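1. Sequence and computational prediction follow.
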Amino acid sequence: MATRRYNKEAMNRAFDLENAVGRWITSSRLLEGVNGLLLAVSGGADSVALGVVLHRLAAAGQVKGRLVVGHVNHSLRGEESDADAEFVRQLAEQLGLGFMSRRVDVLGYAQRHKLSIETAARCLRLGALSAMARQAECEAVATGHQADDQAETLVHRLLRGTALRGLCGIRPMTILYGRRFVRPLLTVRREDIEAYLSHRNLAWRDDATNRSCAFTRNRIRHRLLPELLKGTPDGVDLLLRLAEQSRQAQQRVETKANLLSPIAKGEHQLTYDRESFDRQSPWVQAEVISRAICTLGGGLRDVTCRHYQELMARAGRSESAKMTWPGGVSAEVEAKTLMFSKSAEKVALFPAEPVAVPAGKVVTFGPYEIQTCYIDFMDKTFSDFLHTKAIGTEWLDAERIEGSLMARSIRPGDRFWPLGLGGEKKVARFLQDSQIDKANRTRVFVLTDAVKILYLAPLRLDERAKVSGRTKKVLQVAVSCPAIKVFEGVNTQL
């Protein structure tokens, strides 16, 4: 556990830290409408300060609603990880707050999905926090991201190459896994946070991996950023200002892009008026292009600045031109139109990003409509349901759903536990063993919560989502579309 000494200037700023955080929460409306807030506390200095500051602001009446401490054990450092969890539990007890903890297998997840440790940890952490927030009936999750994190993020994105959206940096508030995530410390420097904790004689946990320069972000934090800031003491503040100005500019860009709608829509194409497109600023043009690619399911990962610039330049000239980009999306410039299309054999049935499926609403996902509703569970009703249910309709134990319900396409390495089988099975193997032809496999998708697959739709429920004698509340899921008939009579009992 760590404590440190800080200079007088840092200590003076630390005295005002609580007021600064309170002003930021109010001016950014971070907690508007929030009656329950999950505090994501890892045990590090930033998250300990998050817990202490928000607890004190709540005691002073500046933060409303319940506070609950949530901890995610990444299982990366053995006994040290367990000690972190115990440290956070004790902190929550000292503050008189409820405590929740989840353990995740980062290494296993990274290997199965071919991800870096950093990316895998982030995915699992966000999912676990969302699940705990739902369980605790908290509308929002607060994380300990602070000003130096923002500066590091901007430098990282600049090094990779980024546009205006990337320069927005870490946003004060985002929706992830169907849950609001807020950053109350985003305007506070790391040095001031540690000085604040030292002033209050509060310890925190030091994670040795945060000092390892094997990770890109750590190299930026410990080597690159200090060099960049030499002779520029207000460098972090300047980067924060850049992020804020970029967010304001991006909002204006998005507002203008909303006004430029396609003049024609086909199943696999979008057509815009070329002159209207050409009258827009390059920022708005880039936003329109990005939206078109995503709408057609092309994905943006391999689309570079060169692709955008080439299309913008050709749209500004009168001659016809056609370009095919990574992901299979084509852009065709004619005298009066700009058309984006994707060939039928390359068109993805489902959106590239997961889609939230809120209870009680009808959600369109690719060719399917997904309708969900809560019902009270009774054994007799369930028996009747099993004998009369249509293909694509299932009952899930609502209390086994962790976090928000999401629909997404199947990913390489996906695994689930088919109802009635003895354990997990790869989704791809399940489809193969069920003798579903390749064309129809593309019509299958998954419903997930924050941590697992619940339903391989419209074929098979996951064992962990089934109703039982202990079920009190049922979520009925009905998946429908004309093409669903191709799955009638399919043997999915393997």
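-> Looks like it arrived, so ask away. Numbering: from 1, shown residues only.
2. Please count neighbours and contacts with C-alpha atoms only from this point.
-> Fine.
3. which SS state does V68 fall under?
-> Under DSSP: H, G, I helix; E, B strand; the rest coil, the three-state class of V68 is strand.
4. ok, now which ones touch the closest residue to T442 other than its chain neighbours?
-> Using C-alpha to C-alpha, 6 or more residues apart in numbering and skipping the chain neighbours, the partner closest in space to T442 is L349 (7.3 Å). Listed by C-alpha atoms under 8 Å, 6 or more residues apart in numbering, the contact set of L349 reads G366, P367, T442, R443.
5. go with 10 Å
-> L296, G297, F365, G366, P367, Y368, S409, T442, R443, V444, F445 (C-alpha atoms under 10 Å, 6 or more residues apart in numbering).
6. Which of these sits closest to G61?
-> F365 (43.1 Å; C-alpha to C-alpha).
7. That closest one reaches V444, doesn't it?
-> No: with contact defined as C-alpha atoms under 10 Å, F365 does not count as touching V444 (11.2 Å).
8. so what sits against both of those two?
-> By C-alpha under 10 Å, 6+ apart, the residues touching both F365 and V444 are L349, F350, R408, S409.
9. tell me which of the residues you listed is nearest to D46?
-> R408 (33.5 Å).
10. Just give me the neighbour total for the nearest residue to that closest one once chain neighbours are set aside.
-> Here the nearest residue to R408 in space, its sequence neighbours aside, is P354; by C-alpha to C-alpha, 6+ apart that works out to 4.5 Å. Counted by other C-alpha atoms under 10 Å, the residues lying close to P354 total 17.
11. May I ask you to confirm that P354 is in contact with S404?
-> No: counting by C-alpha under 10 Å, P354 stays clear of S404, with 11.3 Å between them.
12. Common neighbours of the two, please.
-> Joint contacts of P354 and S404 (C-alpha under 10 Å, 6+ apart) are Y177, T448.
13. my guess is V52 meets V68, correct?
-> No: between V52 and V68 there is no contact under C-alpha under 10 Å: 11.9 Å.
14. Look up how far G328 lies from V303.
-> V303 is 11 Å from G328, where distance means C-alpha to C-alpha, to the nearest Å.
15. Pick out whichever of these two has more residues nearby.
-> More crowded of V303 and G328, by other C-alpha under 10 Å: G328, with 18 against 15.
16. Can you pull the phi/psi pair for that one?
-> Note on G328: backbone dihedrals following degrees, to the nearest 10 are phi 90, psi 0.
17. Where does the prediction get shaky in the protein?
-> Residue ranges of the chain with pLDDT under 70: 1-15, 113, 299-301, 318, 343-348, 377-384, 387-389, 437, 439, 482-494.
18. okay, which residue is most central for it?
-> L176 (3.8 Å; C-alpha atoms, centre = their mean).
19. tell me the secondary structure for A292?
-> Going by three-state DSSP: A292 is helix.
20. how close does it get to Q90?
-> 50 Å.
21. okay, the two: which has more neighbours?
-> Each of A292 and Q90 has its neighbours counted (other C-alpha under 10 Å); A292 has more, 23 against 13.
22. pretty sure that one is touching P262, no?
-> Yes: in this structure, A292 is within contact of P262 by C-alpha under 10 Å, at 9.2 Å.
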